[in-house]
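Asks: sequence-free structure coming up:
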C-alpha cells in the first residue's frame, strides 16, 4: 500500500530507541516504552495553502531524519509496519 500525505502532513518511520537501559540491562518487550521522538521522513504532502491559495512548499523532504514532538503525530500501521503522520509544524528539527 502506498500512502501520499495531503496538505502539510508528513509520513514518518519512527526510529526505535535502544533496547538496553543506561546501566546495560536488556529491557523486555513488555516494558513500558516512551514514544520515539525521531524518525525518517518517508513521504510529504504538497504543502499548506496560504490565504491567497498559493501552496507554501515543505521544508522537509523524503529521506530527512527529523526530531518531532512526542505527542503530536498520529500512529498508523501499514502492512505490520508502524508509521506516524504529523503536520509539518510538529517537526522541530532536521538531523544533519
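Replies: Now that the structure is in, tell me what you want to look at. None of the values given here were measured: they were computed from a predicted structure. Residues are numbered from 1 along each chain as shown.

Asks: got a list of what the residue of the chain most remote from its centre touches?
Replies: Farthest-out residue of the chain from its mean C-alpha position, per C-alpha atoms, centre = their mean: residue 52, at 28.8 Å. With contacts defined as C-beta atoms under 8 Å, 6 or more residues apart in numbering, residue 52 has no neighbours. (Glycine included, C-beta is placed from N, CA and C.)

Asks: need the residue closest to the centroid of this structure.
Replies: The residue lying closest to the centre of the chain (C-alpha atoms, centre = their mean) is residue 12, at 3.2 Å.

Asks: tell me the SS of that one?
Replies: Following DSSP: H, G, I helix; E, B strand; the rest coil, residue 12 is assigned to strand.

Asks: ok, what's across the strand from it?
Replies: Counting by DSSP bridges, residue 12 is bridged to residue 41, residue 84.

Asks: please name the residues that touch the closest residue to residue 77 other than its chain neighbours.
Replies: Closest residue to residue 77 apart from its sequence neighbours, by C-beta to C-beta, 6 or more residues apart in numbering: residue 83 at 7.4 Å. Neighbouring residues of residue 83 by C-beta under 8 Å, 6+ apart: 3, 11, 12, 13, 14, 42, 75, 76, 77.

Asks: same check on residue 45?
Replies: By C-beta under 8 Å, 6+ apart, the neighbours of residue 45 are 4, 5, 6, 7, 8, 9, 10, 58.
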